[in-house]
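>>> Need coordinates for the following:
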Amino acid sequence: MVRIVVVLLKLPDGKVVFQRRDQGARISAGLLGFFGGQIEPDEIPDDAIKRELGEETSLDVSKLSMRFLSSFELSAQQTRAPEDRTFFLYETFIPDLNFKVREGERAEAYTKAEALSRGDLTVSAQYIIKNFVI
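Model prediction:
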């Protein structure tokens, strides 16, 4: 079982920030997902989410208040990944999209309704939007 951390970056207008994955990504190439990644064997999720967000963006993670929301599992069959995955979901609030994306193509922000109407969300992003975004 692969352990993954992801973060819902929320904007003041209620939109959620997504990461457009690179076209060459091994899994979910070109799709919209959330910032985050795999938890290292010696890490706890709280440390992993800060490391991943710091690696993938220019956001100052030391100034962000991360709140753990939930964990959930998706099978390899559901995600079309090589292994089953356990996700650890966090949320934090940011003032705007004025940050650099270091991994992936760019950041994009959508309301829940806008996101659910799209056909380019990763399976995990669809699950999170449906189950955890108000």
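>>> For residue 74, give me its contacts.
Counting by Cβ atoms under 8 Å, 6 or more residues apart in numbering, residue 74 touches 84-85, 87, 123-124, 127. No exception for glycine: its C-beta is placed from N, CA and C like everyone else's.
>>> of the residues you listed, buried ones?
Neighbour counting over these (16 or more other Cβ atoms under 10 Å) leaves 85, 87, 123-124, 127 as the buried ones.
>>> Show me which of those residues is closest to residue 5.
residue 87 (7.6 Å; Cβ to Cβ).
>>> Just the ones of the contacts of residue 74 in helices?
123-124, 127 (DSSP state H).
>>> quick one, strands of this protein?
2-10, 16-20, 32-33, 35-38, 67-74, 85-93, 106-110 (DSSP state E).
>>> In this protein, which helix is the longest?
Per DSSP H, the chain has its longest helix at helix 45-56.
>>> Outside of it itself, list whatever touches it.
3, 5-7, 19, 35-40, 43, 59, 61, 64, 66, 68, 88, 90, 101-104.
>>> could you dump the contacts of residue 74 to a markdown table with pLDDT and distance to residue 110?
Shown next, in a markdown table, are the contacts of residue 74 (pLDDT from 0 to 100; distance: Cβ to Cβ, whole Å):
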| residue | pLDDT | distance to residue 110 |
| --- | --- | --- |
| 84 | 88 | 28 |
| 85 | 89 | 23 |
| 87 | 96 | 20 |
| 123 | 91 | 17 |
| 124 | 93 | 16 |
| 127 | 95 | 16 |
